[in-house]
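Visitor: here is my input, please return the structure:
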Amino acid sequence: MSITATTIWEIRADGNNANGGGFDITLGGTDYSQQAAAVASGTVTSAASTVTATTAIFTPAMVGNLITDGTTWKQITAYTSSTIVTVDSAPSWTAASIKVGGALASITALPSTLIDGWLIYLRGAAGTINVASNIVFAGGGAGLSPARFIGYTSTRGDNGRPTLQASSTCTTVLSLGASCWAYTIENLIIDCNNVANIGITYAMTYPAEVAYCKVINFKQYGINLNVPSGPLATCRQCEVTAGESGATAGITGGTSAVMVDRCWVHDNPCVGIVANLNWIIQRCRITNNTGASSDGIQTSYGSAVLDCTIHGNGRDGINYTQVYAIGVNYRGNIITSNGRYGMNFSTATLFPGGPYRTWDNNAYYNNTSGARSTSTGASSGLDITLTGLPYNNAAANDFSLNSQSGQGAACRAARIPGALPGTGTDYLDMGAMQSQALAISVTSIQSMVFEPMSVAGY
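Guide: Residues are numbered from 1 along each chain as shown. As a prediction, this is how the structure comes out:
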């Protein structure tokens, strides 16, 4: 037996890396992992899976908690007496000073091989969690239950975000290795602190997700979805900003199918997103990434850029970098005020027979060299040429649509196809930000004055 897959770990800045750090509610007992201090400590000996204390330190409530000498973690599975408990397997120590319960202080104190199904909570209210060296995890096998890193502020599930801050010789703040299975990272602020090259790296054989995270102050990449060909990686509702001079990309990755969904990549001195083969980028804001070669998005074969807001980047809004424009789908985007073209196919040989419906129905304004790099890829008449910025306040990062004619109003309910297959009609706005329908209140209806009908003869 080993530490169970249903174990939940706890990390908080005021914890201690010599604490137990975890608990499994299915084994009974009381969860002592969510407090800063250990619930018990003392000197013990062990024989096989039996641990014997020199003084009375154990209680029945400790079943399910982890016991450790600071190096090896074991799980209490049964209570015999105040001096004797059973653990999941024989410890490596025969005599040691141990602690039971209490949170860990650092993510690096976790076992280097994660078990599928583990939940690892990181509590943010107690302060920044420092990361002095690379956090690299391997997987526990191809299980079906993902291990999850989840941040919170004061109560598990409150969606608060603690900060993992790089220090010392850390070069990648959080890395999940090739043998990991379906691990997710949620609700964290990753501060590379101008020290680490990369905030989050996935180099996994199996599907992965990073969600609701913010990565700042990176030297090379904010998020690197470096999964190989085959599995799906998802980057969802993340923010990547404040990259250092010399950085390469806010979000990048390998040749897998990758989805970047509803993210905001902004104010970096580099390309916003470098998309590889078969990437889907949808409803993202890619804004104000500066530099003479800083495109909003660089794309490859089989890629899709759908319903994004791409504004104020140093070079092209969308730059297609391959020889042939094969399998691409770039539609519904608002592309404004970029330093060169809105959409650039200058390196691609386009097949005859244009215009092309797969990269039309975009809205353009004020791109320095024009909307597109080539007339061969001309619109089918579904593009929109705006007369001004369509946003309420781009300078304050408010990219919601204004109501001005020829600007935001021209982008509302303008997303093709309009009519859906079968029955029904689609009225999506263009760009990442959707306008809110006007609500009619009951009180406004009640306050309306109805004139009596005049009917002849009455």
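Visitor: Val265 and Cys235 touch, don't they?
Guide: No. Using C-beta atoms under 8 Å, Val265 is not in contact with Cys235, being 9.8 Å away. For every residue, glycine as well, the C-beta is placed using N, CA and C.
Visitor: so what sits against both of the two?
Guide: Ile251 (C-beta atoms under 8 Å, 6 or more residues apart in numbering).
Visitor: between these two, which is the more surrounded one?
Guide: A direct count of neighbours by other C-beta atoms under 10 Å for Val265 and Cys235 places Val265 higher, at 32 against 29.
Visitor: sheet-wise, list the partners of the strand or helix carrying that one with their directions.
Guide: If you go by DSSP states H and E, Val265 is part of strand 264-266. Strand pairing for strand 264-266, using DSSP bridges, gives strand 239-241 (parallel), strand 285-287 (parallel).
Visitor: redo the ones you listed as TSV? Include distance to Val85.
Guide: Converted to TSV, the strands paired with strand 264-266 look like this (distance: least, C-beta to C-beta, whole Å):
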stretch	distance to Val85
strand 239-241	45
strand 285-287	54
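Visitor: among these, which comes closest to Gly21?
Guide: With C-beta to C-beta as the criterion, Gly21 lies closest to strand 239-241 of the strands paired with strand 264-266, at 29.2 Å.
Visitor: avg pLDDT for the helix or strand just after the closest one?
Guide: Next in sequence after strand 239-241, counting helices and strands by DSSP H and E, comes strand 249-253. In this model, strand 249-253 has a mean pLDDT of 95.
Visitor: got it, and stretch 153-161?
Guide: pLDDT averaged over stretch 153-161 gives 91.
Visitor: equivalent analysis for stretch 102-118, please.
Guide: Mean predicted confidence for stretch 102-118 is 83.
Visitor: and stretch 324-335, by the same measure?
Guide: For stretch 324-335, the mean per-residue pLDDT is 90.
Visitor: one more: stretch 214-234?
Guide: Here the average pLDDT along stretch 214-234 is 85.
Visitor: give the buried residues for it.
Guide: Neighbour counts using 16 or more other C-beta atoms under 10 Å place 214-227, 231-234 of stretch 214-234 among the buried residues.
Visitor: between the two ends of stretch 148-162, how far is it?
Guide: 15 Å (C-alpha to C-alpha, to the nearest Å).
Visitor: stretch 85-101 now?
Guide: Stretch 85-101 end-to-end distance (C-alpha to C-alpha) = 14 Å.
Visitor: and for stretch 60-69?
Guide: Rule used - C-alpha to C-alpha; the end-to-end distance of stretch 60-69 is 20 Å.
Visitor: also stretch 171-189?
Guide: 16 Å.
Visitor: likewise for stretch 410-422?
Guide: 26 Å.
Visitor: now it: mean pLDDT?
Guide: 85.
Visitor: and for stretch 381-397?
Guide: 95.
Visitor: stretch 289-306 now?
Guide: 95.
Visitor: just stretch 262-276 next, same as before
Guide: 97.
Visitor: could you number the chain from 460 rather than 1 from now on?
Guide: Okay, residue one is now 460; in that scheme the one you just asked about reads as stretch 721-735.
Visitor: end to end, how far does that stretch reach?
Guide: 18 Å.
Visitor: cool, and stretch 651-670?
Guide: Rule used - C-alpha to C-alpha; the end-to-end distance of stretch 651-670 is 18 Å.
Visitor: ok now it, how far from the chain's centre?
Guide: Offset of stretch 651-670 from its chain centre (C-alpha atoms, centre = their mean, to the nearest Å): 10 Å.
Visitor: mind listing what's buried in that stretch?
Guide: 651-652, 654-670.
Visitor: what's the answer for stretch 787-800, then?
Guide: Within stretch 787-800, the residues that count as buried by 16+ other C-beta under 10 Å are 787, 789-800.
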